[in-house]
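Engineer: attaching a predicted model along with its sequence, questions to come.
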Amino acid sequence: MKYRKLVRDKIPEIINSSGALCKTHFANEEEYWEKLKDKLNEEVKEFLEEPSIGELADVQEVVNAIVDFKFDRNELEEARKCKAEKRGVFDKKIILDEADDK
């Protein structure tokens, strides 16, 4: 079966230890970036289909990999704080039902 998807580092070892064989390669930076975005989409979809702490942990792991690969953690935290200060967070559970176009 062909996958061509990003997997966690120990997956090939787990497959091989079960007696199955797998073929892998190491992504270059361009492929890695594309596969990270694909993996984020996959994990978010799985979380939306089955909300659980395990699925959310998978989403968080991919987000961590994206941050480590493409962004600076301190800059990310500053951007988050800035947005929270300017626009708030989600603590109050506010649902916007309608607004004028002005």
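Structural biologist: Structure received.
Engineer: CA atoms of stretch 86-95 as PDB?
Structural biologist: Extracted in PDB, the C-alpha atoms of stretch 86-95 (Å, rounded to 0.1, in the frame of the first residue of the first chain):
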ATOM      1  CA  LYS A  86      -6.400  43.400  20.700                       C
ATOM      2  CA  ARG A  87      -9.200  41.000  19.900                       C
ATOM      3  CA  GLY A  88      -9.600  38.900  23.000                       C
ATOM      4  CA  VAL A  89      -9.600  35.100  23.500                       C
ATOM      5  CA  PHE A  90     -12.500  32.600  23.500                       C
ATOM      6  CA  ASP A  91     -13.200  32.400  27.200                       C
ATOM      7  CA  LYS A  92     -16.600  34.100  27.100                       C
ATOM      8  CA  LYS A  93     -18.000  31.700  24.500                       C
ATOM      9  CA  ILE A  94     -19.400  34.600  22.400                       C
ATOM     10  CA  ILE A  95     -21.300  33.700  19.200                       C
END
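Engineer: which residues touch the longest helix belonging to the chain?
Structural biologist: Looking across the chain with DSSP state H, the single longest helix is helix 29-49. With C-beta atoms under 8 Å, 6 or more residues apart in numbering as the test, helix 29-49 has contacts from 5-6, 27, 55-56, 58-59, 61-63, 65-66, 69-70. The C-beta positions use only the backbone N, C-alpha and C, and glycine is treated the same way.
Engineer: biggest separation within the residues you listed, which pair?
Structural biologist: Across the contacts of helix 29-49, the longest distance by C-beta to C-beta is 24.9 Å; it joins Ala27 and Leu56.
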